[in-house]
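Trainee: build me a structure from this.
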Amino acid sequence: MTKEKINQIYQEFRSKLSSVQENKKIEQLKIDFLGKKGKITHFLKNIGTLAEENRREVGKFINEIKTKSEQAINEKFQDLKKGIFEREKIDIHLTGKKNQIGQTHPLIGVRDEVLRFFNQMGFVTVAGPEIETDYYNFQALNMAEGHPARDGQDSFYLKGNHLLRTQTSPMQIRVMEENQPPLAIVSPGRVFRRDTLDATHSFCFHQVEGLLLDKEVNFCHLKAVLTSFCRKFFGKELKIRFRPDYFPFTEPSCEIAIQYPERNDGWLEILGAGMINPLVLQNCGLDYKKYSGFAFGLGLERIAMLIYDIKDIRLFYENNFSFLKQF
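Mentor: Residues are numbered from 1 along each chain as shown. Model prediction:
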């Protein structure tokens, strides 16, 4: 072990240090030369093998080399840090980027307005799972396997007799199973049906369905609540039509339409409703002779399209900023 050999290792260290430009590589270089098993550390560990007359001189030289190496490592770290700072330094003379402030999506805004209306009337908002069992989505709602009404709600089926819900009505069943009347709920959420995507249809859309259940509830209550809803959102002077319809889970059932000159017949359906079918109450363990109620359902996309005069349902889902910033 000579001073020339030590200096040779030191020069190797300086050469490699000058070429590295990453903190991780500098750390590795420090380990290789100054770590416990490093090349410079190796010389220090073997001082004892030198002749006594050379030990002091060589030991001093090795310590000087070690000190220089450690100083060089620290300077390299500082140089890299300074370089990163210079690259990332903000020029306060440049014009700043304008931040875009987000806003409520039109569907969410309409949903919140609809829920606020019913909440003010005493209805409580409840949410349920988007993956449902066949029982809650169909059977408990008086649509047994093979029932013709299922054809209009064909959905996406999963393993284990589960499917993506075709309506938010299953929450009505869940609430009636677990609670005693009086009950007044609204249930919003996404629903899914195997439908062809066009200007007025989508395989995924949004509903709000409601339920009111108590003693001596009749069709007059249904008509009063839903007439108030229509006039709130479409005008107090609006003409509203109640016409018989069919839904397996309500009896009698009706469709609610508003006057709409753009249609050939002058009317546009916006709601489906009816008195809760006694069989549904029985499925929930409730006495249909003691309790009665009504249920209703509406599509949020249709309400939003009418309010904002939007002609294509697909615009709600395309994330087009030019479209969304209008609201």
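
Trainee: only C-alpha atoms from now on, for both contacts and neighbour counts.
Mentor: Fine.

Trainee: the stretch 101-250 of the chain: helices as residue ranges?
Mentor: Assigned by DSSP state H, counting those that start in this stretch, the helices in the stretch 101-250 of the chain fall at 106-120, 134-137, 170-178, 219-234.

Trainee: in JSON lines: those, plus mean neighbour count and mean pLDDT.
Mentor: As requested, the helices of the stretch 101-250 of the chain are arranged in JSON lines below (neighbours: other Cα atoms under 10 Å; pLDDT from 0 to 100):
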{"stretch": "helix 106-120", "mean neighbour count": "16", "mean pLDDT": "94"}
{"stretch": "helix 134-137", "mean neighbour count": "20", "mean pLDDT": "92"}
{"stretch": "helix 170-178", "mean neighbour count": "19", "mean pLDDT": "94"}
{"stretch": "helix 219-234", "mean neighbour count": "15", "mean pLDDT": "94"}
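
Trainee: turn the ones you listed into TSV, columns for distance to L306.
Mentor: Formatted as TSV, the helices of the stretch 101-250 of the chain follow (distance: least, Cα to Cα, whole Å):
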stretch	distance to L306
helix 106-120	11
helix 134-137	28
helix 170-178	27
helix 219-234	9
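
Trainee: so which of these is nearest L211?
Mentor: Evaluated over the helices of the stretch 101-250 of the chain, closeness to L211 peaks at helix 170-178, with 6.7 Å, by Cα to Cα.

Trainee: hmm, who's touching that closest one?
Mentor: For helix 170-178, the external contacting residues (Cα atoms under 8 Å, 6 or more residues apart in numbering) are 126-128, 132, 136-137, 140-141, 183, 185, 187, 210-211, 281, 284-286.

Trainee: now these: which count as buried?
Mentor: Among the contacts of helix 170-178, those that count as buried by neighbour count (16 or more other Cα atoms under 10 Å) are 128, 132, 136-137, 140-141, 183, 185, 187, 210-211, 281, 284, 286.

Trainee: okay, and which of the residues you listed map to strands?
Mentor: The strands, defined by DSSP state E, take in E132, L183, I185, S187, G210, L211 from the buried ones among the contacts of helix 170-178.

Trainee: state the pair within the residues you listed that is farthest apart.
Mentor: The distance between the two most remote of these (Cα to Cα) is 22.1 Å, for E132 and L183.

Trainee: biggest helix in this structure, by residue count?
Mentor: When the chain is parsed with DSSP state H, its longest helix is helix 52-88.

Trainee: report the buried residues of it.
Mentor: V58, G59, I62, I65, K66, S69, A72, I73, K76, F77.

Trainee: then stretch 190-209?
Mentor: R190, V191, F192, R193, H201, S202, F205, H206, Q207, V208, E209.

Trainee: do the same with stretch 299-311
Mentor: G299, L300, E301, R302, I303, A304, M305, L306, I310.

Trainee: quickly list what the closest residue in space to the first one that isn't next to it in sequence is bridged to.
Mentor: By the measure of Cα to Cα, 6 or more residues apart in numbering, the closest residue to G299 outside its immediate chain neighbours is Q207, 4.6 Å from it. Note on Q207: beta-bridge partners G189, G299, judged by DSSP bridges.

Trainee: Q207 contacts S169, correct?
Mentor: No: using Cα atoms under 8 Å, Q207 makes no contact with S169, being 9.5 Å away.

Trainee: what touches both of the two?
Mentor: S187.

Trainee: run through the residues that contact the most centrally placed residue in the chain.
Mentor: Centroid-nearest residue in the chain, with Cα atoms, centre = their mean: R190, separated by 12.0 Å. R190 sits next to E130, T168, C204, F205, H206, Q207 when contact means Cα under 8 Å, 6+ apart.

Trainee: turn these into TSV, columns for pLDDT and distance to T41.
Mentor: Output for those, formatted as TSV (pLDDT from 0 to 100; distance: Cα to Cα, whole Å):
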residue	pLDDT	distance to T41
E130	94	65
T168	93	73
C204	91	69
F205	92	70
H206	94	71
Q207	94	73
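
Trainee: need the residues you listed in JSON lines (columns: distance to Q21).
Mentor: Formatted as JSON lines, these follow (distance: Cα to Cα, whole Å):
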{"residue": "E130", "distance to Q21": "52"}
{"residue": "T168", "distance to Q21": "59"}
{"residue": "C204", "distance to Q21": "52"}
{"residue": "F205", "distance to Q21": "54"}
{"residue": "H206", "distance to Q21": "55"}
{"residue": "Q207", "distance to Q21": "58"}
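
Trainee: got a list of what A149 touches?
Mentor: A149 sits next to M143, F247, P248 when contact means Cα under 8 Å, 6+ apart.

Trainee: try it again at 10 Å.
Mentor: F138, N142, M143, Y246, F247, P248 (Cα atoms under 10 Å, 6 or more residues apart in numbering).

Trainee: please tell me how far it sits from N283.
Mentor: Distance of A149 to N283, given as Cα to Cα, to the nearest Å: 18 Å.

Trainee: how about Q172?
Mentor: For Q172, the distance to N283 equals 12 Å [Cα to Cα].

Trainee: and what of L141?
Mentor: 8 Å.

Trainee: need phi/psi at Q167.
Mentor: phi -160, psi 160 (degrees, to the nearest 10).

Trainee: done for today, thanks.
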